[in-house]
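> Let me see the structure of the following:
(one chain, ligands or ions: 1)
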Amino acid sequence: MLPRDTQTTIPNLPAAVTLVRTGPAPASPDSSGTTKVSFVSLGLMPELMRAVADQGYQEPTPIQAKAIPAVLQRRDIMGCAQTGTGKTAGFTLPLLQLLAPFANTSLSPAKHPVRALIVTPTRELAAQVEESVRTYGKHLPLRSTVVFGGVDINPQMKALHAGVEILVATPGRLLDHLNQKNVNLSRVEILVLDEADRMLDMGFLPDIKRILATLPPQRQNLLFSATFPEEVRRLAAGLLRGPIMIEVAPRNTPAELVSHQVHLVSMPRKRALLAHLIRSHDMRQVLVFVRMKRDANRLARQLQHDGITAAAIHSDRTQAERMQALEEFKQGKVPVLVATDIAARGLDIEELPYVVNFELPHSPEDYLHRIGRTGRAGLPGEAISLVAPDELKFLEDIERLLKRKLPRAERAATDDARPAGPREHRAHPAPRHAPSRAPQARQHPPRSQPKFDFSKPYEPAPASETAATETPAASGRDRHKRPTAALLGGLRSKSERK
Ligand code: AMP
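As a prediction, this is how the structure comes out:
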C-alpha cells in the first residue's frame, strides 16, 4: 500500500510548492483491496510499457508513482531521492513520453535538436543514465548520447553533429562542447539536474550557471538531490517554477537495514585489520572507502600484496579503467573495490553486502551516501568503519546525524566466527544472486580464522589454521580467488533482472 501523502510548505522555495512525501515501500498489490498502482495507471504509452516489461519491473517504485504523472503534466519537480530508489526511470520514462511526438528516423541533424538535457556530476552516473535512456526508449526512434570528460572528444562531437533529442552530460565536458559550438541547446524543453547536491559539492555551480544561460527560459525543470542543503535550495528556488516536491525515503533507511560496526584502530593497523575482516567475514564483495585518490591506489596495491584481489576506482583513472574495475566488481571477479567518495557516487551496484569505511568521511552526509550502497532492495547490509583516534570527531558528527551511537566492536576477535552472535543472523554476506553453492562455501572459513588481538601487530594465520579451508596448493592470491570463483557471474546484469 502506498503511504499517505502529506502536503508541507518548504522554506526558501518559490510559492506554491507541493510536497509529496512517500515512504520506502513500493506500491504493491494488497489483499486489503487497496488500489494497486501500476505502470498502466500512470498513463505510460505502450512503447514504454513494453520497455518496462522487458526489464521485468512489476510495479512502479514510490518515486516513479509520484514523478511520472507529475512530469507528464509538465510540472517542475524537486525530487529528494537517492540512487537505488528508481529515480532514473522516474524521470526518464515520462521524459521519453513527452518527446515521443518528435521521434523520427530522418537522417537530417536538423530534425534531431537537443530537446532534453540531463546533467549529472560524474561520468559513471552519466553513462548509467544514458544507458537507462536507451533501455527505456528502445521502442522509440529517439536519439540520445552521453558526453563526459576524460575520453576522446571527437566521437562525442560526431554524435552531437548528427543530432540527438536527449543529451546526458557532465558539466565540464558539456561546456567544452558548447564552447566549440558542437551543440546548440536553444531547443531544450526539459532540463534534469541529477544529484544536484553532489554537483554543488564538486564545485560545479559556476558551470551549471553557464549551462543554464544557454537554455531557453521556457522549459520544464526537474531537480533531483539526495540531500537539500541551503545551496541546493537556493539553486532550486532560482530554477523551479511551482515545483512539486517529491520526497522518497531511501528504500532502506540506515537505521532499518544496515548494521553499523565501528572498530577503533590506529591508522597503521587499519590495513591488517581490513585484510583480517575481509577474510574472517568471507567478504566476496566489499566496497572500501578512502578519502584520497592516492590512498585508493595504495590500498588496492597493498591488498593485492596481501593476497586479496582488489581494484581502485577514482577520478584520476581513465574512464576505461574505471568502467572495467566497476564491471569486474559487479560480476564478482574482483571482490574488493577501493573507492573515493566522488568515484563511488551514484554507482548502481545492486544489493552490495558490505561497505567498509577505511577512513571516515569528513562530512556525515557522505557517510550516508557511502552506506547507501548497501542494504538495498530490502536486504540487510553491513557498514564497517575503521576509526583512528583523530577521526573520532567525524564519528561524533555521524552519530549526531543518525541520532544514535554506533556499536563498537570490542575487539577484533568479535569478527571471528562464533556459533551465534549479532552478525550471524545476517543471511547473505556474499554477493547476492550468488549461485546456491555460495552459502556452503561460507560455512567453513570462519572456524579456522585466527583470533585477532588489537594489542599486537597483525600476523597472518599460521598455515595449519587456514589449511582446513584451502586446497593444499592454494596460497596468497589464489586463496581469495577460490570463493570468488564460485560466484562468477555475481550480480545480475540489468537484462537478467527479470
Ligand atoms: P536508480 O535509483 O534509478 O539508480 O535505480 C536503481 C535500480 O532499480 C536500477 O537498477 C533499476 O534498474 C531498478 N529499477 C528501477 N525501477 C524499478 C522498478 N519499478 N522495479 C524494479 N526495479 C526497478
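> got any ranges where the stretch 1-150 of the chain has weak pLDDT?
1-36 (pLDDT under 70).
> repeat that for 50
1-19, 21-35 (pLDDT under 50).
> those strands in it, which residues are they?
For the stretch 1-150 of the chain, applying DSSP state E, counting those that start in this stretch gives strands covering 18-22, 77-80, 116-119, 144-147.
> closest one to the ligand among those?
strand 77-80 (10.6 Å; CB to the nearest ligand atom). Bear in mind the C-beta positions are built from the backbone N, C-alpha and C, glycine included.
> now the strands of the stretch 1-150 of the chain in a markdown table, with distance to L223 and mean neighbour count?
Shown next, in a markdown table, are these (distance: least, CB to CB, whole Å; neighbours: other CB atoms under 10 Å):
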| stretch | distance to L223 | mean neighbour count |
| --- | --- | --- |
| strand 18-22 | 14 | 20 |
| strand 77-80 | 5 | 26 |
| strand 116-119 | 10 | 25 |
| strand 144-147 | 20 | 24 |
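> Tabulate the ones you listed (JSON lines), appending distance to S38.
Converted to JSON lines, those look like this (distance: least, CB to CB, whole Å):
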{"stretch": "strand 18-22", "distance to S38": "16"}
{"stretch": "strand 77-80", "distance to S38": "21"}
{"stretch": "strand 116-119", "distance to S38": "25"}
{"stretch": "strand 144-147", "distance to S38": "26"}
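> May I see those strands organised as JSON lines, with distance to the ligand added?
Putting the strands of the stretch 1-150 of the chain into JSON lines (distance: least, CB to the nearest ligand atom, whole Å) gives the following:
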{"stretch": "strand 18-22", "distance to the ligand": "13"}
{"stretch": "strand 77-80", "distance to the ligand": "11"}
{"stretch": "strand 116-119", "distance to the ligand": "12"}
{"stretch": "strand 144-147", "distance to the ligand": "15"}
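> Quick one: closest of the ones you listed to K181.
Closest approach to K181 among those (CB to CB): strand 144-147, 14.0 Å.
> So which elements touch the closest one?
The contact analysis (3 or more CB pairs under 8 Å, 6 or more residues apart in numbering; DSSP states H and E) places strand 144-147 against helix 123-136, helix 153-162, strand 166-169, helix 171-179.
> related to what we said a few turns ago, wait, which of the strands of the stretch 1-150 of the chain is closest to R269?
strand 77-80 (39.0 Å).
> bridging residues for N221?
Taking DSSP bridges as the rule, N221 bridges to L191.
> how near is it to the ligand?
19 Å (CB to the nearest ligand atom, to the nearest Å).
> so what's that residue up against?
Contacts were defined as CB atoms under 8 Å, 6 or more residues apart in numbering; by that measure N221 touches D76, I77, I190, L191, L193, L239, L240, R241, P243.
> Drop anything exposed from the residues you listed.
Neighbour-count burial (16 or more other CB atoms under 10 Å) applied to those gives D76, I77, I190, L191, L193, L239, L240, P243.
> Out of the helices and strands packed on strand 144-147, which one sits most buried?
The highest average neighbour count among the helices and strands packed on strand 144-147, using mean count of other CB atoms under 10 Å, belongs to strand 166-169 at a mean of 27.
> Wondering if it reaches the ligand at all.
No. Using CB under 6 Å from any ligand atom, strand 166-169 never reaches the ligand; the gap is at least 13.1 Å.
> mind exporting that strand as CSV, just the C-alpha atoms?
Extracted C-alpha coordinates of strand 166-169, given in CSV (Å, rounded to 0.1, in the frame of the first residue of the first chain):
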residue,chain,number,x,y,z
ILE,A,166,18.3,13.5,-25.4
LEU,A,167,21.8,14.6,-24.2
VAL,A,168,23.3,13.3,-20.9
ALA,A,169,26.3,15.2,-19.8
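> Tell me the strands beside it, with direction?
By DSSP bridges, strand 166-169 pairs with strand 116-119 (parallel), strand 144-147 (parallel).
> Reformat the ones you listed into CSV and put distance to G307 next to each item.
Below are the strands paired with strand 166-169 laid out as CSV (distance: least, CB to CB, whole Å):
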stretch, distance to G307
strand 116-119, 42
strand 144-147, 38
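> Any idea which of these gets closest to L42?
strand 116-119 (18.8 Å).
> so which of the buried ones among the contacts of N221 would you say is closest to A311?
L193 (30.4 Å).
> mind checking how far the nearest residue to G172 once chain neighbours are set aside is from the ligand?
Excluding the flanking residues, the one nearest G172 by CB to CB, 6 or more residues apart in numbering is G149, at 5.3 Å. When distance is defined by CB to the nearest ligand atom, G149 is 22 Å away from the ligand.
> same thing with F224?
9 Å.
> part of a strand, is that residue?
Yes. Secondary structure assignment places F224 in a strand (DSSP: H, G, I helix; E, B strand; the rest coil).
> tell me the contacts of it?
Residues in contact with F224, defined by CB under 8 Å, 6+ apart, are I77, G79, C80, A81, K87, F91, V192, L193, D194, E195, A196.
> of all these, which comes closest to the ligand?
Looking across the contacts of F224 and measuring by CB to the nearest ligand atom, the closest to the ligand is K87, at 4.7 Å.
> Run a quick neighbour tally on that closest one.
Close neighbours of K87, defined as other CB atoms under 10 Å, add up to 25.
> is it true that it touches A81?
Yes. Here K87 lies in contact with A81, judged by CB atoms under 8 Å, at a distance of 4.4 Å.
> Common neighbours of those two, please.
By CB under 8 Å, 6+ apart, the residues touching both K87 and A81 are I63, F224, V248.
> separation between the second one and M199?
In this structure, F224 and M199 are separated by 10 Å, where distance is defined by CB to CB, to the nearest Å.
> Look up the residues that both of the two are in contact with.
L193.
> in the stretch 201-350 of the chain, which spans are helices?
205-213, 230-239, 254-257, 267-280, 293-305, 319-330, 341-344 (DSSP state H, counting those that start in this stretch).
> Which of those sits closest to P121?
Between these, helix 341-344 lies closest to P121; by CB to CB that is 7.8 Å.
> what's that closest one in contact with?
121-122, 124, 198, 202, 287, 289, 291, 296, 313-315, 322, 361, 366, 369-370, 373.
> mind redoing it with 10 Å?
The set of residues external to helix 341-344 that reach it, using CB atoms under 10 Å, 6 or more residues apart in numbering, is 121-124, 198, 201-202, 287-291, 293, 296, 312-317, 322, 325-326, 337-338, 355, 361-363, 366-367, 369-370, 372-373.
> and the residues you listed, which are buried?
121-124, 198, 201-202, 287-290, 293, 296, 312-314, 317, 322, 325-326, 337-338, 355, 361, 363, 366-367, 369-370, 372-373.
> Number of residues surrounding P407?
Other residues close to P407 by other CB under 10 Å number 12.
> Look up phi and psi at it.
Backbone torsions of P407, given as degrees, to the nearest 10, read phi -60, psi 140.
> Next: L193.
Dihedral angles (degrees, to the nearest 10) for L193: phi -110, psi 110.
> Confirm for me that it is in contact with L215.
No. With contact defined as CB atoms under 10 Å, L193 does not reach L215; the gap is 11.4 Å.
> shared neighbours, the two?
L117, N221.
> and stretch 134-144, C-alpha only, in PDB?
This file holds the C-alpha atoms of stretch 134-144, laid out as PDB (Å, rounded to 0.1, in the frame of the first residue of the first chain):
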ATOM      1  CA  ARG A 134      18.400   3.700 -24.300                       C
ATOM      2  CA  THR A 135      16.900   0.900 -22.300                       C
ATOM      3  CA  TYR A 136      13.500   2.600 -21.700                       C
ATOM      4  CA  GLY A 137      13.500   4.300 -25.100                       C
ATOM      5  CA  LYS A 138      14.400   1.200 -27.100                       C
ATOM      6  CA  HIS A 139      11.000   1.000 -28.800                       C
ATOM      7  CA  LEU A 140      11.000   4.700 -29.800                       C
ATOM      8  CA  PRO A 141      13.200   6.200 -32.500                       C
ATOM      9  CA  LEU A 142      14.600   8.900 -30.300                       C
ATOM     10  CA  ARG A 143      18.300   9.500 -30.300                       C
ATOM     11  CA  SER A 144      20.500  10.000 -27.200                       C
END
